[in-house]
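S.K.: For reference, the sequence and a predicted model appear below.
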Amino acid sequence: MSWNVYLRRYWQLYALLALPLAYFVIFKYGPMYGIQIAFKDFNFFQGIEGSEWIGLEAFRDIFRMRDFYITLRNTLMLNFLDLLVSFPAPLVLAILLYEMRLIWFKKLSQTILYIPHFISWVIIGGIVYQVFGTQSGMINNVVTALGFDAIPFLTDKGYWLTTYLAVGVWQSAGWGTIIYLAALTGINKELFEAAGIDGAGRLRRIWHITLPGLKPTILVLLIINLGHMISIGFERPYVIGNLAVREYSDVLSTFVYRVGLESGQYTLATAVGLFQAVVGLVFVLGANYASKKLTDESIM
């Protein structure tokens, strides 16, 4: 069948694809034109075309900056700790939800767990300060009323790190269970019945049937997360962070914001963003290669 005959027969499918394609072309590929700012002494009034080429000078400058290495360290540290703490949470929740027998309670629990995912980080930041604030936080009001010293959840680096990770688990764990629940439905239920007849308890069925059945999904999601170690969202560290814990809360995304928008050094900000994108691409391609080797499935 020639392509024009195929196109006429299935034109509705191509029409449906036009909108998402236009979105990616306009909002993903279109802005790539601005990448050249990283290689120019960008002048806002002269524009991109009128600015002078400086080659790799901007990259040499950022690699000499101490703040760049601090933010790079913090990005890797927070992502690694997030991986240790937040990655297992959806898996545990999915197994618990799957093992529930009360359907109404299961649906209610899923709804409650999903809600934080739809809350803006700005609102979450307000909730965090209302709950964990040193002076007026709900928890510290109770602690001080009992005669104890206030706990510096948001001003001490160690406590802030714990709060940051805990809030991340609360916000993302419920939504992350969707993939695992979908994978659990694909496990043959006859295996559970046979194990029950053989006298296996619930924990043994989870260990010998559920987890092995989820192994490919766990591996792929783990490798995808490893592939995004260099990238980190702007909202969470910016909203929860403050000057007292800037040594930990300042990451590459906030560094780009501070250097680019606050200081007006667009060339340096673009260079940092391009560095982050290239390294992230290498991580993702490496993750895809490892996934193909370990699970015989490519994630890309």
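M.R.: Now that the structure is in, tell me what you want to look at. Numbers count the residues shown, from 1 in each chain.

S.K.: Tell me the buried residues in the helix or strand hosting residue 211?
M.R.: Assessed by DSSP states H and E, residue 211 sits inside helix 211-227. By neighbour count with 16 or more other CB atoms under 10 Å, helix 211-227 contains the buried residues 213-214, 217-227. The C-beta positions use only the backbone N, C-alpha and C, and glycine is treated the same way.

S.K.: Sort out which one of those lies nearest residue 86 for me.
M.R.: In terms of CB to CB, no member of these lies closer to residue 86 than residue 225, at 8.8 Å.

S.K.: excluding its backbone neighbours, what's nearest that closest one?
M.R.: residue 83 (5.5 Å; CB to CB, 6 or more residues apart in numbering).

S.K.: these two touch, right, that neighbour and residue 227?
M.R.: No. Using CB atoms under 8 Å, residue 83 is not in contact with residue 227, being 11.2 Å away.

S.K.: before we move on, back to that, isn't there a helix covering the residue nearest to residue 225?
M.R.: Yes. Counting by DSSP: H, G, I helix; E, B strand; the rest coil, residue 83 is part of a helix.

S.K.: what pLDDT does it get?
M.R.: Looking at residue 83, its pLDDT is 89.

S.K.: wait, what's in contact with it?
M.R.: Residue 83 makes contact with 225-226, 229, according to CB atoms under 8 Å, 6 or more residues apart in numbering.

S.K.: Give me the neighbour count for residue 239.
M.R.: 19 (other CB atoms under 10 Å).

S.K.: Does it touch residue 123 like I think?
M.R.: No. In this structure, residue 239 is not within contact of residue 123 by CB under 8 Å, at 9.3 Å.

S.K.: in stretch 230-238, what's buried?
M.R.: For stretch 230-238, burial by neighbour count (16+ other CB under 10 Å) applies to 230-232, 236-238.

S.K.: What lies in contact with that stretch?
M.R.: Stretch 230-238 is contacted from outside by 74-76, 78-79, 120-122, 164, 167-168, 249-254, 257, 276, 279-280, 283, using CB under 8 Å, 6+ apart.

S.K.: One more: stretch 132-150?
M.R.: Taking contacts as CB under 8 Å, 6+ apart, the residues outside stretch 132-150 that touch it are 129-131, 151-155, 163.

S.K.: make it 7 Å
M.R.: The contact list for stretch 132-150, computed with CB atoms under 7 Å, 6 or more residues apart in numbering, reads 130-131, 151-155, 163.

S.K.: Let me know the pLDDT of residue 76.
M.R.: For residue 76, the model assigns a pLDDT of 91.

S.K.: helix, strand or coil for it?
M.R.: Classification of residue 76 by three-state DSSP places it in helix.

S.K.: how deep is the closest residue to it other than its chain neighbours tucked in, by neighbour count?
M.R.: In space, residue 76 comes closest to residue 229 once its chain neighbours are excluded; the distance is 6.1 Å by CB to CB, 6+ apart. Neighbour count of residue 229, defined by other CB under 10 Å: 19.

S.K.: can you check residue 161 too?
M.R.: Count around residue 161 with other CB under 10 Å applied: 16.
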